[in-house]
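Participant: what follows is a predicted protein model with its sequence.
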Amino acid sequence: MSDNGISLRSLHRPLVVLTGAMAVLCLVSLLGLAIDDRTMVNAPIWLKPFKFTVAIGSYAITLALLLSQVRRARRTGWWLGTVFAFAIGLDMALLVFQMIFRDRQLHFNKETAADSAINNVVAGGAYLAWLAIAAVAVLLLCQRMPDRALSSALRWGTGLSLAGMAAAMFMFSATPEQAAVFRAGGQPTTFGAHTVGAPDGGPGLPLTGWSSVGGDLRIPHFVGIHAIQVVPLIALGLVLLARRHPALRSDLVRRRLVRTAALGYAGMFVILTWQALRGQSVAHPDFWTLLAAAGVLAAMAGAAALSVRARPVFRSETVVGVG
């Protein structure tokens with residue numbers, strides 16, 4: 001990285017390679033959606049690879065950009081990024097192998113010894129990636145950056161992303177139907193599910209497939225994971241807005257706003273998790289869900305107003321220029 005910006009050659013190479021591979025697989029998945037009429041769990045068989053390539057590709061390049069900001073323990077950061085790229089790359093290879101070439105369900109599949117082994121390796125890769133991100137979060141706490149608002153955004157975004165990855169653990173517990181099979185002395189062919197209160201593969205929202213009749217744990221998982229992109233983008237957006245709004249030129253004000261946004265994001269993540277675990281579809285929130293969401297939004301609005309109105313202190317903070 002140079003003082004003038006970030007060059008492609010300075011980015012974490014394994015993560016850049018992973019991003020490129022996801023871009024290629026995304027195009028292949030789009031072609032598959034167009035010409036392959038196979039389905040799995042009542043969805044086009046290429047839909048899961050498509051969604052995963054978009055999510056993982058955007059996450060990998062974001063992580064590469066984030067690691068370019070690391071100054072202390074750069075080699076440690078490089079190894080953590082490499083571990084993440086390897087673990088998630090292996091998981092994606094197994095996803096394509098299991099679903100497209102074997103025509104078998106990937107997640108929760110315990111039907112045969114091979115299915116169970118592949119499922120276990122994928123779960124192991126996900127846990128390894130989670131540990132790598134946890135270590136990156138700790139690494140970011142040790143960094144000093146010129147723009148403290150952006151520094152705060154990177155830390156909050158990584159921490160929330162870690163929580164989003166952890167939310168997937170709720171999926172890997174027995175459903176009531178699977179538990180009944182265990183109690184009867186049997187062995188269910190699947191263990192765990194995306195949906196709470198309804199079977200996987202039921203009516204879902206367009207494109208995402210998130211359940212429209214029950215709770216869906218993929219929603220908080222998705223929202224939490226992508227905080228690593230959303231929160232830093234808020235910080236960068238505040239920098240751009242500061243060119244027109246003098247109140248935002250104070251790093252202190254922007255840092256407060258970033259923390260407000262991150263706490264609000266965390267509140268919404270908790271609400272979505274709570275909603276999913278109650279078996280409630282995101283498309284049909286009840287009174288208590290709406291009340292909780294309104295409370296979080298009101299608290300964010302109040303905190304943001306106080307942050308902007310607070311008198312900035314300029315003596316030791318970064319002030320954003322207009323050039």
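Facilitator: Okay, I see it. Numbering: from 1, shown residues only.
Participant: low-confidence stretches in the stretch 101-250 of the chain?
Facilitator: Within the stretch 101-250 of the chain, no stretch has pLDDT under 70.
Participant: and the closest residue to Gln280 other than its chain neighbours, bridged to which residues?
Facilitator: Nearest residue to Gln280 in three dimensions, chain neighbours excluded: Gly215, at 5.4 Å (Cβ to Cβ, 6 or more residues apart in numbering). Every residue, glycine included, has its C-beta placed from N, CA and C. Beta-bridge pairing for Gly215 (DSSP bridges): Val196.
Participant: got phi/psi on Gly279?
Facilitator: Backbone torsions of Gly279, given as degrees, to the nearest 10, read phi 80, psi 20.
Participant: looks like it contacts Val196 (just checking).
Facilitator: Yes. Counting by Cβ atoms under 8 Å, Val196 is a contact partner of Gly279 at 4.5 Å.
Participant: so those two - more neighbours on which side?
Facilitator: Val196 (21 against 15; other Cβ atoms under 10 Å).
Participant: ok but Gln69 is inside a strand, no?
Facilitator: No. Judged by DSSP: H, G, I helix; E, B strand; the rest coil, Gln69 forms no part of a strand; its state is coil.
Participant: contacting residues around the residue nearest to Asn42 when sequence neighbours are not counted?
Facilitator: Leaving out its chain neighbours, the residue that sits closest to Asn42 by Cβ to Cβ, 6+ apart is Gly201, at 4.0 Å. Neighbouring residues of Gly201 by Cβ atoms under 8 Å, 6 or more residues apart in numbering: Val41, Asn42, Ala43.
Participant: before we move on, what about Lys110?
Facilitator: Contacts of Lys110 (Cβ under 8 Å, 6+ apart): Ser116, Asn119, Gln187, Pro188, Thr189, Thr190, Phe191.
Participant: make TSV out of those and add secondary structure and neighbour count.
Facilitator: TSV is the format used below for the contacts of Lys110 (DSSP: H, G, I helix; E, B strand; the rest coil; neighbours: other Cβ atoms under 10 Å):
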residue	secondary structure	neighbour count
Ser116	helix	14
Asn119	helix	24
Gln187	coil	10
Pro188	coil	17
Thr189	coil	15
Thr190	strand	20
Phe191	coil	20
